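In: Got a predicted structure plus its sequence, pasted below:
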Amino acid sequence: MEKLLLTEAREDDLDFLLGLWNDPRVMRYAGYPDGRCWSRADIRKWWSRYQAEHTRWAGDDVQFIISFSDGTHIGESHYGPVPKGFEVGDWRNPEGVYCFMADIKLLPEHWGKGFGTAGMRMVAVHIFTKTSCKLLVVPPHKDNPAASRVYEKAGFIHTGIEAWPGHEIMELSRERFEDIYGVKQAEG
Ligand SMILES: CC(C)(COP(=O)(O)OP(=O)(O)OC[C@H]1O[C@@H](n2cnc3c(N)ncnc32)[C@H](O)[C@@H]1OP(=O)(O)O)[C@@H](O)C(=O)NCCC(=O)NCCS
C-alpha cells in the first residue's frame with residue numbers, strides 16, 4: 001500500500017479542503033451540526049477560527065492534510081481538545097481527563113483501499129506521542145459502517161453513548177493505545 005504523509009494544513013490547502021468538504025458523498029454522515037465549509041468566504045472564516053484555536057490550545061488543535069508521498073492530497077483529519085465541561089446528547093467530556101476529539105475524511109476515489117485505517121492509525125500515533133491527550137474520541141454515525149470499522153481497526157471501542165443524533169462516541173484511551181500500538185510518549 002502506498003505510504004501516507006500527515007502534514008499540517010497551510011493556506012495553500014484551502015481549495016483542496018473546500019472541494020472535499022463540499023462533496024456530498026464525503027459529508028453525508030460527517031456534517032457535524034452545521035456542516036463545515038460551503039463557500040470561499042466561509043472557508044476563509046473557518047481558517048481564521050482554526051488558527052485562533054491552534055494558538056489557544058498551544059498547537060494541540062491541528063488540521064492535517066493526508067497525502068501520498070508524491071504530495072497528492074487524498075484527505076484530511078482534524079483533532080483537538082474538547083473544552084472542559086463540554087456535553088452533547090448523552091455524552092459529557094469526562095471530568096479531569098484531557099480528552100481530544102478527531103475525525104478523518106478521504107476523497108471517495110481513495111475509499112476501500114485501507115487508507116482510512118492507515119491514516120487514522122497515524123493520527124492516533126501522532127496524538128498520543130506528541131501531546132498529553134489521555135482519551136481520544138471519535139463520533140461516527142450509526143449508518144456509516146466504513147467509519148466505525150476504520151475506528152475499530154485503529155483500536156477504538158464502542159461506548160453505545162449517543163452524542164449528536166445518530167452519532168455514537170467511540171473511544172481510545174492512552175493505556176489502550178500504548179497496549180495495542182506498543183508506543184509510548186517521548187520523554188521531555
Ligand atoms: C470513513 C472513511 C475515512 C473510510 O476510509 P477507507 O479508506 O474506505 O477505509 P478502509 O479501507 O481503511 O476500511 C474500510 C472498512 O470499512 C468496511 N466497510 C466499508 N463499507 C462498509 C459497509 N457498507 N458495511 C460494512 N463495512 C463496510 C470495509 O470492509 C473495511 O473494513 P475491513 O478492512 O474490515 O474489510 C471514508 O469512507 C470517508 O472518508 N468517508 C467520508 C467521511 C466520513 O464519513 N468520515 C468519518 C467521520 S466520523
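Out: Here it is on my side, so go on.

In: in the protein, which spans are strands?
Out: 4-8, 62-68, 73-81, 87-88, 91-92, 99-106, 135-138, 157-162, 168-173 (DSSP state E).

In: For the fifth one, name the packing helices and strands.
Out: Contact partners of strand 91-92 among helices and strands, from 3 or more CB pairs under 8 Å, 6 or more residues apart in numbering; DSSP states H and E: strand 157-162. Where you see a C-beta, it was placed from the backbone N, CA and C, and this is true even at glycine.

In: Which among the strands of the chain is found nearest to the ligand?
Out: strand 99-106 (3.8 Å; CB to the nearest ligand atom).

In: Counting by contacts, list what that closest one packs against.
Out: Looks like strand 99-106 contacts helix 24-27, strand 73-81, helix 115-130, strand 135-138 (3+ CB pairs under 8 Å, 6+ apart).

In: what does the last one contact?
Out: Same thing as strand 135-138. 79, 82, 94, 97-103, 124, 127-128, 147, 151, 156, 169-174, 177 (CB atoms under 8 Å, 6 or more residues apart in numbering).

In: restrict those residues to those near the ligand?
Out: Among the contacts of strand 135-138, the ones lying near the ligand by CB under 6 Å from any ligand atom are 103, 147.

In: Check the contacts of strand 135-138 for burial and list the buried ones.
Out: Among the contacts of strand 135-138, those buried by neighbour count (16 or more other CB atoms under 10 Å) are 79, 82, 98-103, 124, 127-128, 147, 151, 156, 169-174, 177.
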